[in-house]
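>>> Predicted model and sequence below, questions to follow.
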Amino acid sequence: MEHKYSTRQKAALNETDFSGLLPIPKAAKIIGVQYRQLLDAVETGNVPHYQLGKSRRLVSVPEVVSIMQTRGGSHE
């Protein structure tokens with residue numbers, strides 16, 4: 001299933017530097033999903049994350065978007 005991005009989401013995706021990793025709240029905002037939805041996906045192992053220190057978890061926006069496209073998940 002192909003995802004339909006809103007104009008706001010397309011602009012955010014086009015203007016964002018994806019070379020690095022982002023904290024889950026910021027990544028969720030850029031992708032256009034709720035923070036809790038992305039956090040749940042990380043906690044269940046559906047989305048890979050990278051640990052920075054004891055508590056800070058980071059994700060790669062391109063990885064998350066790719067997983068969502070592959071699995072046909074909604075991000076409304």
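Great, that's in hand.
>>> Give me the residue ranges of the chain where confidence is low.
Counting by pLDDT under 70, the chain has low-confidence residues at 1-19, 73-76.
>>> run the last query once more with 90
By pLDDT under 90, the low-scoring segments of the chain are 1-20, 50-56, 68-76.
>>> Show me where it has its strands.
22-23, 50-52, 56-59 (DSSP state E).
>>> Number of residues surrounding the residue nearest to Val47 when sequence neighbours are not counted?
Distance criterion C-beta to C-beta, 6 or more residues apart in numbering; nearest residue to Val47, sequence neighbours excluded, is Ala41 at 4.2 Å. Backbone N, C-alpha and C define where each C-beta goes, glycine included. Neighbourhood size, Ala41 [other C-beta atoms under 10 Å]: 22.
>>> so who does Ala41 touch?
Counting by C-beta atoms under 8 Å, 6 or more residues apart in numbering, Ala41 makes contact with 47, 64, 67.
>>> if we take these, which one ends up nearest to Ile31?
Val64 (5.9 Å; C-beta to C-beta).
>>> wait, isn't the closest one in contact with His49?
No: using C-beta atoms under 8 Å, Val64 makes no contact with His49, being 9.5 Å away.
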